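>>> Model the following, please.
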Amino acid sequence: MSIIDVIIIVAYFAMLIAIGFYVAKKHVKSGEDAALAGRKLGVFLGGIGKTANSAGGSSSVGGTSWGYQFGIVGGWYAFSEGMTYVIYLPIIKKIWRALYRTRTGSAGQFFGYRWGAGARLYAGLINAVCYMAFVGAQIIATATVIQVLLGWSYVVSLLVSTGIIIVYCTAGGLRAIVITDVIQVALILIGMMFIMPPIVFSKAGQALGGGGFGAVWETLSKSVDLSFMTNIGAPGVFGWPYIIGAIILPCILIGGVAQAAFQYQSSISSADKAFKSFFMVPFLYIPVSILVVMMGMSALFLPNVLERITELGGDPNMVLPALIQTYLPTGVIGLLLAAVLSATMSTSSTCLICSTTCLTKDVIEPIMESRSGKKLDDKTSLKLFRISMVVIGIATLSITLWATDIINLLTTAYSAASAGLFIPMMCTLFMRKATKPGIYTTMILGLVVYGAGSFGWLPFLPAIVQAAPLYASLPVSIVCMAIFWFATKNSGKHGRLDGYFPDEWEKSPGNWEKHPELLDGPGPARLPEEVNA
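I've put the predicted structure just below:
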């Protein structure tokens with residue numbers, strides 16, 4: 001790689017760090033400023049932030065890796081991630097209003113407002129740990145690119161990429177991340193939609209005698225050895241049962257319980273803006289994600305790329321960097337590798353701040369406030385947030401040294417969080433008669449069953465259930481919740497309802513006193529878009 005390309009990448013890193021410190025100086029004065037950008041984001045920045053969070057290393061480095069290994073099946077991860085935003089659209093405004101009324105910004109706080117400190121601690125810990133896995137997956141992708149760029153060892157590349165992410169996230173918080181996301185999403189769209197695909201498909205088509213990606217598809221379809229790549233219902237590990245239970249379900253369910261969903265919703269200034277920002281994401285995310293999978297499939301027919309991958313140790317994560325290095329001219333290589341780094345670093349930074357928010361807001365701050373008997377001041381809250389972010393970033397390195405399959409790492413974490421929180425989340429939001437014993441038992445039992453299935457401790461279950469334990473944990477959670485609902489529905493232990501149901505809020509005048517911004521004169525509580533209507 002030429003010195004010009006190296007300069008472009010170094011300049012990009014310097015820009016990220018500079019933005020982080022600038023935003024820190026101008027806008028970050030408290031833990032809430034760092035975690036929720038002051039709750040002032042609009043449609044554009046909210047939508048861009050969500051897109052960048054999804055279109056990370058899993059969609060660029062991971063997507064080409066899965067396309068290279070598994071063919072079009074690899075596209076199911078990307079499609080499911082994008083469709084998550086469509087599926088949750090009908091309830092986005094309800095979620096935003098609940099977050100606004102309760103003035104919460106984390107998954108743990110959202111559960112804790114209704115069910116108490118134990119639910120807050122449990123949901124916060126699950127999200128904090130799972131987001132460490134999310135950060136690890138993105139850092140693996142970032143380190144992979146740096147390793148190819150500079151020829152450093154994998155471990156050194158991990159250390160450098162983790163350090164850069166920690167520095168600019170710790171300084172500027174969510175606002176800095178969202179501002180850099182605008183640049184990052186622009187690079188991703190330009191590089192992964194308009195520059196790389198035409199070049200890769202053309203080269204693959206030439207290698208097969210002409211026809212672009214159509215020739216790649218036709219060749220794979222006729223190959224007996226590679227039939228599993230195009231027959232998505234074929235028997236084996238990537239048959240339909242596995243695709244649904246281990247890829248589609250986790251990707252969709254996580255949208256209702258992951259900290260990023262709560263964090264971005266809380267950072268947007270109205271329900272209407274939250275809805276519109278959610279609506280933006282699939283149109284930006286899905287096309288890019290499918291194209292990178294197709295590029296991974298095309299790499300199978302490019303001898304120069306295959307040779308380069310072999311030189312890099314045969315790691316499938318090297319497919320995208322190898323494609324970029326093999327076919328792009330000087331200068332453009334730097335731009336496209338910066339685009340890949342944009343994808344991986346934007347998601348890793350968001351995931352890092354989500355994990356930190358859960359750890360500080362749901363675990364550490366409640367303990368400190370309980371001991372001191374008073375709320376933490378802004379300065380202490382911000383200091384705690386930044387220290388926790390550094391600690392989590394360093395701890396994540398152990399994950400990156402243990403696991404290397406980016407998408408598998410993500411879907412496993414998705415599944416674990418969904419197993420413990422999805423059914424309780426839906427009940428918290430929609431069931432007035434849900435009870436505290438039912439919620440607590442379902443939270444714990446869902447995760448335990450998932451973990452037991454994952455570690456092979458339930459050998460009597462069918463093989464597909466052991467491969468995708470959500471098939472066991474979700475039904476168990478539903479049955480558990482139903483049993484407790486019948487047994488305890490008249491117990492009165494329904495938790496605090498006012499944050500989740502408008503009529504309950506209006507019955508509590510004290511809420512208006514606590515949150516006068518919800519009022520427009522005397523009468524029922526109103527939300528920002530209703531006040532301005």
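>>> Skipping adjacent residues, who's closest to residue 450 in space?
residue 419 (3.5 Å; C-beta to C-beta, 6 or more residues apart in numbering). In this view, the C-beta of every residue, glycine as well, is placed from N, C-alpha and C.
>>> What is the neighbour count of the one you found?
A count of neighbours around residue 419, defined by other C-beta atoms under 10 Å, yields 30.
>>> next one: residue 316
Close neighbours of residue 316, defined as other C-beta under 10 Å, add up to 22.
>>> Look up how far residue 479 lies from it.
Distance from residue 316 to residue 479, counting by C-beta to C-beta, to the nearest Å: 40 Å.
>>> quick one: the closest residue to residue 117 other than its chain neighbours from residue 258, how far?
Closest residue to residue 117 apart from its sequence neighbours, by C-beta to C-beta, 6+ apart: residue 366 at 6.4 Å. Plainly put, residue 366 is 21 Å away from residue 258 if you go by C-beta to C-beta.
>>> Mind checking which of the two has more residues around it?
residue 258 (25 against 18).
>>> residues in contact with that one?
Counting by C-beta atoms under 8 Å, 6 or more residues apart in numbering, residue 258 touches 107, 127, 130-131, 354, 414, 417.
>>> any chance of the residues you listed in a markdown table, with secondary structure, neighbour count and distance to residue 140 too?
Shown next, in a markdown table, are these (DSSP: H, G, I helix; E, B strand; the rest coil; neighbours: other C-beta atoms under 10 Å; distance: C-beta to C-beta, whole Å):
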| residue | secondary structure | neighbour count | distance to residue 140 |
| --- | --- | --- | --- |
| 107 | helix | 31 | 24 |
| 127 | helix | 30 | 20 |
| 130 | helix | 28 | 16 |
| 131 | helix | 27 | 15 |
| 354 | helix | 30 | 18 |
| 414 | helix | 28 | 16 |
| 417 | helix | 28 | 19 |
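>>> Out of these, flag the one nearest to residue 252.
Among the contacts of residue 258, residue 414 lies closest to residue 252 (C-beta to C-beta), at 9.1 Å.
>>> Surely residue 52 is in contact with residue 185?
Yes: here residue 52 reaches residue 185: they are 5.2 Å apart, a contact under C-beta atoms under 8 Å.
>>> higher neighbour count, those two?
In this view residue 52 and residue 185 are compared by other C-beta under 10 Å, and residue 52 has more residues nearby, 28 against 23.
>>> any idea how far residue 256 is from the more buried one?
Noted for residue 52: a distance of 20 Å to residue 256, by C-beta to C-beta.
>>> Could you do residue 204 as well?
Residue 204 is 39 Å from residue 256, by C-beta to C-beta.
>>> Looking at the two, which has the bigger crowd around it?
The residue with more neighbours, out of residue 204 and residue 256, is residue 204; 24 against 21, by other C-beta under 10 Å.
>>> ok, the nearest residue to the more buried one once chain neighbours are set aside - contacts?
Nearest residue to residue 204 in three dimensions, chain neighbours excluded: residue 298, at 3.8 Å (C-beta to C-beta, 6+ apart). Applying C-beta under 8 Å, 6+ apart to residue 298 gives the contacts 200-201, 203-204, 213, 216.
>>> ok, 6 Å please
By C-beta atoms under 6 Å, 6 or more residues apart in numbering, the contact list for residue 298 reads 200-201, 204, 216.
>>> Regarding the residue nearest to residue 117, which helix or strand does it belong to?
According to DSSP states H and E, residue 366 maps onto helix 365-372.
>>> Counting by contacts, list what the helix or strand just after that helix packs against.
Going down the chain from helix 365-372, the next helix or strand is helix 378-402, by DSSP H and E. Judged by 3 or more C-beta pairs under 6 Å, 6 or more residues apart in numbering; DSSP states H and E, the packing partners of helix 378-402 are helix 31-36, helix 117-150, helix 154-189, helix 332-359.
>>> For residue 506, which of those helices is the nearest?
Of all the helices and strands packed on helix 378-402, helix 117-150 sits nearest to residue 506, with 24.6 Å by C-beta to C-beta.
>>> Please name the residues that touch the residue nearest to residue 124 when sequence neighbours are not counted.
Distances taken as C-beta to C-beta, 6+ apart place residue 362 nearest to residue 124, at 2.4 Å, with adjacent residues excluded. By C-beta under 6 Å, 6+ apart, the residues touching residue 362 are 106, 108, 120, 124.
>>> For residue 154, see how far away the first one is.
Per C-beta to C-beta, residue 106 is found 33 Å from residue 154.
>>> Also residue 391?
23 Å.
>>> out of those two, which sits in the busier spot?
A direct count of neighbours by other C-beta under 10 Å for residue 391 and residue 154 places residue 154 higher, at 17 against 13.
>>> and residue 492, how many neighbours does it have?
Per other C-beta under 10 Å, the neighbour tally for residue 492 reads 8.
>>> To clarify, my last question referred to residue 457.
12.
>>> go on, residue 430?
Counted with other C-beta under 10 Å, the neighbours of residue 430 add up to 12.
>>> and the gap between it and residue 506?
From residue 430 to residue 506 the distance is 18 Å (C-beta to C-beta).
>>> Check which helix or strand residue 84 maps to.
helix 75-87.
>>> From the contact counts, what lies against that helix?
Using 3+ C-beta pairs under 6 Å, 6+ apart: helix 75-87 touches helix 249-253, helix 271-298.
>>> which one of those lies closest to residue 162?
That would be, of the helices and strands packed on helix 75-87 and by C-beta to C-beta, helix 271-298, which comes in at 23.7 Å.
>>> avg pLDDT for the closest one?
What helix 271-298 shows for mean pLDDT is 87.
>>> Buried residues, the helix or strand following that helix. List them.
Going down the chain from helix 271-298, the next helix or strand is helix 303-311, by DSSP H and E. Neighbour-count burial for helix 303-311 flags 305-306, 308-309 (criterion: 16 or more other C-beta atoms under 10 Å).
>>> Please determine how far the closest residue to residue 441 other than its chain neighbours is located from residue 415.
Leaving aside its chain neighbours, residue 441 sits nearest to residue 480 (5.7 Å; criterion: C-beta to C-beta, 6+ apart). Distance, residue 480 to residue 415, using C-beta to C-beta: 18 Å.
>>> Of the two, which one has the most company?
residue 415 (27 against 20).
>>> And the more buried one, its phi and psi?
With angles defined as degrees, to the nearest 10, residue 415 sits at phi -60, psi -40.
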